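Enquirer: one predicted model, sequence on top.
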Amino acid sequence: MNSGPSMNTPILAVEHLSMKFGGLVAIGDLSFEAARGQITALIGPNGAGKTTVFNCITGFYKPTEGMIRLAGRSGQEFLLERMPDHEITAKAKVARTFQNIRLFSGMTLLENLLVAQHNKLMLASGYTVLGLFGFSGYRKASAESVELAEFWLEKANLIDRADDPAGDLPYGAQRRLEIARAMCTGPELLCLDEPAAGLNPKESHALNALLMDIKHNTGTSILLIEHDMSVVMQISDHVVVLEYGRKISDGNPNFVKSDPRVVAAYLGVEDEEVEEVLIEVGDEQVIEQFDAEPDREHGPSASSSMMAGSVSDTIGHSDDDGERITVSKRASKAQQVDDREARDKAKAAATPAAKPGKAKAAPAKPAAAKAPKSAAPKTKAVSKTLTAPRGGVADRLTLIKGIGPVNEKKLNEHGIFHFDQIAAWKKADIEAVEAYLAFDGRIAREDWVGQARKLARSAAKPTAAKPATGKRGGSR
Ligand SMILES: Nc1ncnc2c1ncn2[C@@H]1O[C@H](COP(=O)(O)OP(=O)(O)OP(=O)(O)O)[C@@H](O)[C@H]1O
C-alpha cells in the first residue's frame, strides 16, 4: 500500500461546475468524477461544452461557479479553479493536447520532446549558468531528458523518425507525438482533446494502443474528449455525456451506448433516424417521444450529422437557488426523453387501471385497447381507409417529412397505407388523424397532403416498402 490516495479516490472531481459567457451557459451545474488510473471519456454533440470543461480544468478559463479537485498521488489535493494555468501544469501535473496539433513542426521529434522538459532542464542548468560550464548536475538532467524523450518516442512507435522534423510526420504520427510530448512532463492527469480526429483506422488503432499502454504502464489517468466512437467504446472505462452543457448520462460504455438520452442527444440525426435507433434499442416509451414535433429553432438542425448539434441559444438549467436561463425544452433531445418519462409517470399515476407497459395508449375505457389515444367519441373515422395495402404493398409513408416509422405504423394500423389516401384527406380526416397521432396542427404545417400529392404523382410505380405483414421497416 502506498501512502497516497487509494485507487478508489477519484483523481478528478468536478463539482457543480458552471461556465457562462454573457448570457450563454456553456456548462451548467456539471458534476462528474474521473477515476484514478482509468480512461474517462467526455462525449457529446458539437457545442456541448466539452472543450470548455477542459479549459476550466487546465486553467484557460476561470469557471463562473463550482470546484475542480485534483487528488495528487502524493495525497496532496489541488483546487484547480483557483490555480493559474502554469501551476496546474507544473504542480498539479495536468497535461493536455488540443484539438489542433500544436507541435514545433520545424524541430525534430526529439527536440519537441526535449522542449516539453524545458522547465526541468532550466532548473538543472541553474537557468543556463551551470549548463554553460557543463556542471554534472546539468549533464545528468540533460541525459535523463534525452532518455525520457527516447522512451516515449519508442512507446509512440516513432523512434525511427527521432531526427526528422515533426512537420514531416503523417497526421496520425503527429497526434501520437503530441501525446508522447505531454507524457514527457510526467502528468498525473492527461487531458486529450479529440486525439483521434482525422485519423484513418490504422492510425486510430495505433492511438488506442498507445493510450492503453499509458493506462496500464504508467500511473497517469486519462480524460478524453473524442468524437470517434470506435475509440471511445474500445478504450474508455467510463463515459460522461454532455448535451448543451448539462450531463445527460454517466456510466460505463455499454450503459451509455444504450441510454435513450444519449441515443437521442448524441446521435443528433434526423428524428426519424433516432426513432429507428430507439426501435433497435427497444424502448417504446422513448420511441413515441420522437413523434413529437422537433424544435427547428433551437435543436440541432434536422439534417445535422452525429456531431452537428449547434448551441444557438442559451440553455435551461434547473438551478435551485441561482439564475435560471431557459430555452425551449425541445432544445435538448435528452430533455425530451426526461419529460416524456415524467409525463408517462404522471399519466400512469392518474390512471391506476392502465396497463404498466402500455400506459401511453391506455384509453379511459379498458375494452378499447386499440382505440385512438385522444380521440373524442364523436371523432369521425378517416375516409378511404383500407384493411390492407393494395396489392399487398404499402407506400413508404416515411418519405413524407414529418412521418417517422412510429407514425407510419400508427397510420397503417388506422388503414392508411398509400400516398393517394393522404393526398385525398379533407379537413375532417386531418382532424381525425391528428386526434390519434396526438398532434396539434402539425399535419397542415408540414403539408402532408401536399407532400403526399407529389409523391402519389411521382409514384405511379409505387416506392414499395415491404409486403403487407403489418410490420414496417421505415427508412433505412
Ligand atoms: N470563449 C468563449 N466565448 C463565448 N462562447 C464560448 C467560448 N468558448 C466556448 N463558447 C461557447 O460555449 C459552447 C460550448 O463550446 P465548446 O467548445 O466547449 O463545445 P464542445 O463540446 O467542445 O464542441 P466541439 O465538439 O465542437 O469542440 C459553445 O456554444 C461555444 O460557442
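Expert: Cool, got the structure. Numbers count the residues shown, from 1 in each chain.
Enquirer: for I222, phi and psi?
Expert: phi -120, psi 130 (degrees, to the nearest 10).
Enquirer: report the secondary structure state of V240.
Expert: strand (DSSP: H, G, I helix; E, B strand; the rest coil).
Enquirer: any idea which helix or strand in this structure has the lowest mean pLDDT?
Expert: In the chain, the helix or strand scored least confidently by mean pLDDT, DSSP states H and E is strand 464-467, which has a mean of 42.
Enquirer: need the contact list for A143.
Expert: Taking Cβ atoms under 8 Å, 6 or more residues apart in numbering, we find A143 in contact with no residue. In short, each C-beta sits where N, CA and C put it, glycine included.
Enquirer: look up the pLDDT of it for me, please.
Expert: As predicted, A143 sits at a pLDDT of 79.
Enquirer: would it count as being in a strand?
Expert: No - assessed with three-state DSSP, A143 is helix; it does not lie in a strand.
Enquirer: distance check, it against Q117.
Expert: 12 Å (Cβ to Cβ, to the nearest Å).
Enquirer: check L42 too.
Expert: When distance is defined by Cβ to Cβ, L42 is 28 Å away from Q117.
Enquirer: and what of L437?
Expert: Counting by Cβ to Cβ, the gap from L437 to Q117 is 65 Å.
Enquirer: low-confidence regions, the protein specifically.
Expert: Within the chain, the ranges that satisfy pLDDT under 70 run 1-8, 119-140, 266-340, 351-380, 405-406, 460-476.
Enquirer: can you give the domain ranges for it?
Expert: 1-93+186-257, 103-182, 267-346, 390-467 (automatic domain parsing).
Enquirer: quick one: which of these is nearest V382?
Expert: domain 390-467 (4.7 Å; Cβ to Cβ).
Enquirer: can you lay out the domains of the chain as TSV showing distance to K384?
Expert: Output for those, formatted as TSV (distance: least, Cβ to Cβ, whole Å):
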stretch	distance to K384
domain 1-93+186-257	42
domain 103-182	59
domain 267-346	23
domain 390-467	5
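Enquirer: what is the burial count for the closest residue to K93 other than its chain neighbours?
Expert: Leaving aside its sequence neighbours, K93 sits nearest to E188 (Cβ to Cβ, 6 or more residues apart in numbering; 4.1 Å). By other Cβ atoms under 10 Å, the residues close to E188 number 21.
Enquirer: what's the answer for T218, then?
Expert: Residues near T218, counting by other Cβ under 10 Å: 16.
Enquirer: verify the stated contact: it with T185.
Expert: No - T218 is beyond contact range of T185, at 11.9 Å (criterion: Cβ atoms under 8 Å).
Enquirer: now the strands for the stretch 151-300 of the chain?
Expert: 189-193, 221-225, 238-243, 246-251 (DSSP state E, counting those that start in this stretch).
Enquirer: could I get these as TSV with distance to L399?
Expert: Converted to TSV, the strands of the stretch 151-300 of the chain look like this (distance: least, Cβ to Cβ, whole Å):
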stretch	distance to L399
strand 189-193	40
strand 221-225	37
strand 238-243	29
strand 246-251	31
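Enquirer: to R175, which of these lies closest?
Expert: strand 189-193 (9.1 Å).
Enquirer: any figure for the gap between S74 and Q234?
Expert: Relative to Q234, and taking Cβ to Cβ, S74 is found at 32 Å.
Enquirer: more crowded one of the two?
Expert: Q234 (15 against 12).
Enquirer: buried residues in stretch 408-417, which are they?
Expert: Neighbour-count burial for stretch 408-417, with 16 or more other Cβ atoms under 10 Å as criterion, is recorded at E408, K409, K410, L411, N412, H414, G415, I416, F417.
Enquirer: pull the contacting residues for the closest residue to the third one other than its chain neighbours.
Expert: This means K410. Once flanking residues are discounted, K410 sits nearest to L437: 6.1 Å by Cβ to Cβ, 6+ apart. Neighbour list for L437: D291, N407, K410, L411, I443 [criterion: Cβ under 8 Å, 6+ apart].
Enquirer: format these as CSV; extra columns: secondary structure.
Expert: Formatted as CSV, the contacts of L437 follow (three-state DSSP):
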residue, secondary structure
D291, coil
N407, helix
K410, helix
L411, helix
I443, helix
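Enquirer: could I get these in TSV, plus columns for distance to the ligand?
Expert: Conversion of the contacts of L437 to TSV gives the following (distance: Cβ to the nearest ligand atom, whole Å):
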residue	distance to the ligand
D291	28
N407	32
K410	36
L411	37
I443	34
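Enquirer: can you give me the strands for the stretch 351-476 of the chain?
Expert: 393-395, 464-467.
Enquirer: and the first one, which strands flank it?
Expert: Okay, so that is strand 393-395. Using DSSP bridges, the strands paired with strand 393-395 are strand 464-467 (antiparallel).
Enquirer: close to the ligand: what parts of the chain are there?
Expert: F21, L24, A26, G44, N46, G47, A48, G49, K50, T51, T52, V311 (Cβ under 6 Å from any ligand atom).
Enquirer: tell me, how many residues neighbour the second one?
Expert: Put plainly, it is L24. L24, neighbours per other Cβ under 10 Å, totals 14.
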